[in-house]
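Chemist: My questions concern the predicted model and sequence given below.
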Amino acid sequence: MKKCIFYLFIFDLVFCLNISAQVTPTNEWVNFFSATSTFNGQPISVGSIVSAYDSDGILCGSFEVHTTGQYGFLAVYRDDSYTSGIDEGAEPGDTLTFFINNHIALVQGPGAPIWTANGDVVELNLEALSNYPPVIYGFPDSLTFKADSSVILYLNDYVEDLNDPDSTLHWTISGNEFLLVDLDDAQKMVTLSAPVHYWGTETLIFTVSDDSSAGDSDTIIVRVIKVVGINGDLDGLLPKEFCLYQNYPNPFNPTTTIKYELPKTSHVILSIYNLNGQIIEGLVNKMQEPGFYSINWDARNISTGVYFYRIQADGFQQVKKMLLIK
C-alpha cells in the first residue's frame, strides 16, 4: 500500500521530466546520500547516475556513483530567487523525485525526499527497477447486486504503472463459474451480471500484466441476491440437469468452494470423505429448490491429504476428488 501511495504521488511527473536537461548550480543546496541503494535488485554500480527533480520537473541534482551501492553527497539545488523567470530547482518544502539511470526510484528512507533547508544532510536510500510491474490499488473487497441487474468496473481506475500507459496493460479474470463476466480489454471495462434465477457468492481473481508479463492480482467477492416475485416462465433460467463442479481452488489451504446445480426441488446430501470412505463432514442435508448453489468448506482442522466429496440428490449422485495441502 505504501508503494501504491508513492506511485500515485509521482505518476503525473514521470512523463513530463526533462531527462536530457543539465543541473544549474545555485548558492543553496541540500545534500542527499545513501549506502544501500539498488537498481534491479543489485547494489547500484559504479558509473550509475542518480538524479533529482523538483515538483515542477526541473533537474536540480545529479551524481555519478563511484562506490558500489552508494551515492552522495548529491547536492540538490534551490531555485535562485535573484534570477526571475528562470527555475533552477526546488523550494523549501518541495517533494523531490529521484531517478537511477533515468528510471524512477522508490524511496526507502530513513529520510524523506524533501528539500528542507540550505546545508541539510539527508540519508535517502533508493530502489529502482528498469521495469515496474503494474500495481492494483483501491479495488473493492466485495460487490453485491441483484440477479436482474449488473455492475460495471472501469479497470483503469484501479491500476498504476510507472513504465507503461494503462491502455497497454492486459487484464484477465478467473475463479468464476456461475457469473456472467463480460471483459472488454480494449476499453479496460468489465460488466458483471448473473442468470436471473441465480443467487450465491463468487470470488473473482483479477490479474493485470504488462508486455513483459510482470503483473499484479487482487480478488473481489461478488454476492448475487436472489430475485423474488419474478413473473413469467423461468424454465429457461434454471439449470437443465444436476451438476457437481470441481472445487476451487484445488489444491487448497485451508478453504475451498464447492458448487452444484439442481434442476428441480430435491433432498440434497453433500458430504466429505477420507480415503477410507469415512465421512469427515456433512455439508448439506436438506431440501433445496432448483437453482445454483455454492458452499465453502473450511478444512483448517483437517490434516493434509486427498479427500472426496459426494452429492446425492433425487437419485443423482457424483463424486469428485480434492487435495488439501498445508
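Modeler: Received, thanks. Numbering: from 1, shown residues only.
Chemist: Stretch 141-154: end-to-end distance?
Modeler: One end of stretch 141-154 sits 15 Å from the other (CA to CA, to the nearest Å).
Chemist: Just the mean pLDDT for it, thanks.
Modeler: For stretch 141-154, mean pLDDT is 90.
Chemist: Same question for that stretch: list its buried residues.
Modeler: Using 16 or more other CB atoms under 10 Å as the burial criterion, the residues of stretch 141-154 that qualify are Ala147, Leu153. Placement of C-beta: from N, CA and C, glycine included.
Chemist: And for stretch 240-258?
Modeler: For stretch 240-258, using 16+ other CB under 10 Å, the buried residues are Phe242, Leu244, Tyr245, Asn247, Tyr248, Phe252, Thr256, Thr257, Ile258.
Chemist: got the contact list for the fourth one?
Modeler: Under the criterion of CB atoms under 8 Å, 6 or more residues apart in numbering, the contact list for Asn247 reads Thr256, Thr257, Ile258, Trp297, Tyr309, Lys320, Met322.
Chemist: Closest one of these to Asn156?
Modeler: Lowest distance from Asn156 to the contacts of Asn247 (CB to CB) belongs to Thr257, with 29.4 Å.
Chemist: which residues does the closest one form a beta bridge with?
Modeler: Beta-bridge pairing for Thr257 (DSSP bridges): Tyr248, Asn296.
Chemist: Next, the contact list for it, please.
Modeler: Taking CB under 8 Å, 6+ apart as the contact definition, Thr257 lies against Thr203, Asn247, Tyr248, Ser294, Ile295, Asn296, Trp297.
Chemist: Spit out the contact partners of the fifth one.
Modeler: Contacts of Ile295 were listed using CB under 8 Å, 6+ apart, and they are Thr257, Ile258, Lys259, Leu270, Leu283, Val284.
Chemist: can those go into JSON lines with extra columns for pLDDT?
Modeler: Written out in JSON lines, the entries for the contacts of Ile295 read as follows (pLDDT from 0 to 100):
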{"residue": "Thr257", "pLDDT": "87"}
{"residue": "Ile258", "pLDDT": "91"}
{"residue": "Lys259", "pLDDT": "88"}
{"residue": "Leu270", "pLDDT": "97"}
{"residue": "Leu283", "pLDDT": "95"}
{"residue": "Val284", "pLDDT": "95"}
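Chemist: Tell me the one of those residues nearest Asp216?
Modeler: Of all those, Asp216 sits closest to Thr257, with 23.0 Å by CB to CB.
Chemist: State the distance from Tyr307 to Ser294.
Modeler: Using CB to CB, to the nearest Å, one gets 18 Å for the distance from Tyr307 to Ser294.
Chemist: Ramachandran coordinates for Leu96?
Modeler: In terms of degrees, to the nearest 10, the main-chain angles of Leu96 are phi -100, psi 150.
Chemist: Not counting sequence-adjacent ones, nearest residue to it?
Modeler: Taking CB to CB, 6 or more residues apart in numbering, and ignoring the residues beside it in sequence, Leu96 has Pro113 as its nearest neighbour in space, at 4.5 Å.
Chemist: what about the one you found, neighbour count?
Modeler: Counted with other CB atoms under 10 Å, the burial measure for Pro113 works out to 21 neighbours.
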